[in-house]
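1. the following block contains a protein sequence and its predicted model.
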Amino acid sequence: MNTYRIKKEDLKNEKVLAEGYKIFNQGFKARNYCYADKNGEVVGSFHKVDGDIEECSWGLHFSKNPFNCFNFYECVQWNEFAKVRAYEKIIDAEDKEKTVAQVIEIVETYTFNEFIEVLKKYNKERYYSNGVNGSNGVNGSNGVNYSYGVNDSYGVNRSYGVNDSYGVNGSNGVNRSYGVNYSYGVNYSYGVNGSNGVNDSYGVNGSNGVNYSYGVNYSYGVNGSNGVNDSYGVNGSYGVNRSNGVNRSNGVNDSYGVNRSNGVNDSYGVIKCEGVSRSLFCYAKSGKLKLFNKNITKERFEEVFNNIKSFGWNPIFNNLFKMKKEKQEWYKANIPNVFEIDNKTAWSTMPIEMKKYIQSLEEYNEKIFNKITGDL
């Protein structure tokens, strides 16, 4: 049995039997067949299988509900996304998650971000079409509203295919997985599928395409971020690992109070820096073993860094921890109201004794200190 291209006129005025969505491997490949021509073009092309089609066995599969596509393909940026139409013959699966067709037409293709917008639009249209308290396929769940295919979950709102999760709001494509497992306050996130991408984490907001990874793992107060591991109070940052008080920064590791910086390792109070390692209170600087932009020895770094850490304080660049009431479950926090705290405010709560210690350092530079903690 074969899959091959046909021309539109070969359909002989066949009517469209269904429309839906399909995800392909990179290069528009599926199994041993490539849907793209030699120039990589696929839009407007028609594809047919010979023989008798059969669900899960033979035929051209797609999903009428775009969220169901993630049951069969990973939600990663390098996959290909398309809208399709089906002709000649179709068979719907009993669970309605997929349809198999004799012929499909590739109508339109999407980038990853464009497909997320398709999901949002579909979600909105379905939400308004189901009326108040319209939830389907909900089993063993509590506090579930405007949701579909939700199982053993709690506090789930306007969500689809969510399993064994808590406090999940406005999220899609979380299905048959532990993508959001034993996690709380996960809001407006898409395509968390078949993974521990968001695992044992709290207050994870506005993150997309976390799939088959530990992108956001053992983390707290993570907002609009990717590749965040074992970190706290991280906002708008990427590639952050074992770090606290990180804001709008990339490639940050074992660091604290890092803002708008890249490639920062084992540092504290670093702003607008790139390629910085084992540095303290540096501004617009590169290199390693720095204190207020001055070169220091390894021993001096260890002395000052350990003293700073002994105060147990780090700047927090979002309001999540303040917003969450003491002893309150994380999923009860009003996650949609998370917002970024400006730099000056974040540093303003530094303990007085800690500030006095920093100002007593022989390397202290008031201008740099004010740049870091106040004016940017």
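-> That came in fine, so what should we check first?

2. export only the CA atoms of stretch 259-270, formatted as CSV.
-> Output of stretch 259-270 as CSV, limited to C-alpha atoms (Å, rounded to 0.1, in the frame of the first residue of the first chain):
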residue,chain,number,x,y,z
ASN,A,259,18.8,41.3,36.1
ARG,A,260,18.9,41.8,32.3
SER,A,261,22.1,39.8,31.9
ASN,A,262,23.4,36.8,29.9
GLY,A,263,25.8,34.0,30.7
VAL,A,264,26.0,34.6,34.5
ASN,A,265,27.4,31.9,36.8
ASP,A,266,27.7,31.8,40.6
SER,A,267,27.2,35.5,41.0
TYR,A,268,25.1,38.0,43.0
GLY,A,269,23.8,41.5,42.2
VAL,A,270,24.7,41.5,38.6
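
3. run through who's touching stretch 40-56.
-> 1-8, 10-11, 27-28, 33, 35-37, 58-60, 82, 87-91, 93, 98, 100-109 (C-beta atoms under 8 Å, 6 or more residues apart in numbering). All C-beta atoms are positioned from the backbone trio N, CA, C, and that covers glycine.

4. got the end-to-end distance for that stretch?
-> Length of stretch 40-56, first residue to last, C-alpha to C-alpha, to the nearest Å: 27 Å.

5. these two touch, right, E97 and S63?
-> Yes. E97 is within contact range of S63, at 6.3 Å (criterion: C-beta atoms under 8 Å).

6. those two: which has the busier surroundings?
-> S63 (22 against 19; other C-beta atoms under 10 Å).

7. retrieve the pLDDT associated with E108.
-> Reading off the confidence values, E108 has pLDDT 96.

8. before we move on, what about E105?
-> Looking at E105, its pLDDT reads 96.

9. phi and psi next, for it.
-> The phi and psi values for E105, taken as degrees, to the nearest 10, are phi -110, psi 130.

10. what's the closest non-adjacent residue to it?
-> R85 (4.5 Å; C-beta to C-beta, 6 or more residues apart in numbering).

11. quick one, what contacts the one you found?
-> V16, A18, E19, I104, E105, V107.

12. do I372 as well
-> Applying C-beta under 8 Å, 6+ apart, the residues near I372 are G269, V270, I271, F281, Y283, W347.

13. quick one: which of those sit in helices?
-> W347 (DSSP state H).

14. go through the contacts of I372 and give me the one with the most neighbours.
-> Of these, with other C-beta under 10 Å as the count, V270 tops at 30 neighbours.

15. the contacts of stretch 40-56, buried ones only, as a PyMOL selection?
-> To isolate the buried members of the contacts of stretch 40-56 in PyMOL, using 16 or more other C-beta atoms under 10 Å:
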select buried, resi 3+11+28+35+36+59+60+82+87+88+90+98+100+101+102+103+104+105+106+107+109
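
16. tell me the residues that contact both of E97 and S63, please.
-> With C-beta under 8 Å, 6+ apart, E97 and S63 have common neighbours N71.

17. need the three-state assignment for E303.
-> helix (DSSP: H, G, I helix; E, B strand; the rest coil).

18. what distance do you get for it to S310?
-> Distance of E303 to S310, computed by C-beta to C-beta, to the nearest Å: 11 Å.

19. before we move on, what about V16?
-> Applying C-beta to C-beta to V16 and S310 gives a distance of 69 Å.

20. and for Q102?
-> Q102 is 71 Å from S310, by C-beta to C-beta.

21. for S277, give the beta-bridge partners.
-> N265, K288 (DSSP bridges).

22. hang on, isn't it packed against K298?
-> No. Assessed by C-beta under 8 Å, S277 is found out of contact with K298, at 11.3 Å.

23. more neighbours, the two?
-> S277 (19 against 10).

24. quick one: least confident helix or strand in this structure?
-> Within the chain, confidence by mean pLDDT, DSSP states H and E is lowest for strand 180-181 among all helices and strands, at a mean of 51.

25. for E14, give me its contacts.
-> Contacts of E14 by C-beta under 8 Å, 6+ apart are Y87, E88, V103.

26. ok, and the closest non-adjacent residue to the first one?
-> Setting aside the residues directly before and after it, Y87 is nearest to V103 in space (C-beta to C-beta, 6+ apart), at 4.1 Å.
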